[in-house]
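*Asks:* Here is my input, please return the structure:
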Amino acid sequence: MGQIVQFKHRHKEFELKLTAEGALELYLDNCLRKRREAGPEPQYVWTNVELEWEEHHYIEARFWPSNGLLKVTVNGTPLLERQLRS
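*Replies:* As a prediction, this is how the structure comes out:
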């Protein structure tokens, strides 16, 4: 069974999906931006989004399957940290 973590950054809606197969997917406004298959830790997905004119935000998510830790940053600043169930 997969897991979904939703979060917002400014006016944008993001979603991280951990699939039943162990892949990590990052969605922006319901559009898949990056997918990383299960593999070496941490699994890492990212996207660059322009929120205002020439204002770029780099959204990164890292997931460690061995302990269930998920960390999301925006331009290197922590936005979300969550423990996912195994």
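*Asks:* Centroid-nearest residue for this protein?
*Replies:* Central residue of the chain (Cα atoms, centre = their mean): residue 61, 3.9 Å from the mean position.
*Asks:* which SS class is that one?
*Replies:* strand (DSSP: H, G, I helix; E, B strand; the rest coil).
*Asks:* who's in contact with it?
*Replies:* Going by Cβ atoms under 8 Å, 6 or more residues apart in numbering, residue 61 touches 16, 24, 26, 44, 45, 46, 70, 71, 72. Using the backbone N, CA and C atoms, a C-beta is placed for each residue, glycine as well.
*Asks:* just residue 60 next, same as before
*Replies:* 44, 45, 46, 72, 73, 74.
*Asks:* And the furthest pair within the residues you listed?
*Replies:* Longest distance between any two of those is 14.9 Å, between 44 and 74; criterion Cβ to Cβ.
*Asks:* Bridging across strands, which residues link to the residue nearest to the centre of the chain?
*Replies:* Taking DSSP bridges as the rule, residue 61 bridges to residue 45, residue 72.
*Asks:* For residue 10, see how far away it is.
*Replies:* 17 Å (Cβ to Cβ, to the nearest Å).
*Asks:* For this protein, name the helix or strand with the lowest mean pLDDT.
*Replies:* Ranking every helix and strand in the chain by mean pLDDT, DSSP states H and E puts strand 43-52 at the bottom, with a mean of 89.
*Asks:* Which strands or helices does that one pack on?
*Replies:* Counting contacts by 3 or more Cβ pairs under 8 Å, 6 or more residues apart in numbering; DSSP states H and E, strand 43-52 is packed against strand 12-18, strand 24-28, strand 31-36, strand 55-64.
*Asks:* Please name the strands paired to the third one in the sheet, noting orientation.
*Replies:* Paired strands of strand 31-36, with direction, are strand 24-28 (antiparallel) (DSSP bridges).
*Asks:* which outside residues touch the strand it pairs with?
*Replies:* The contact list for strand 24-28, computed with Cβ under 8 Å, 6+ apart, reads 12-19, 32-36, 43-47, 49, 59, 61, 63.
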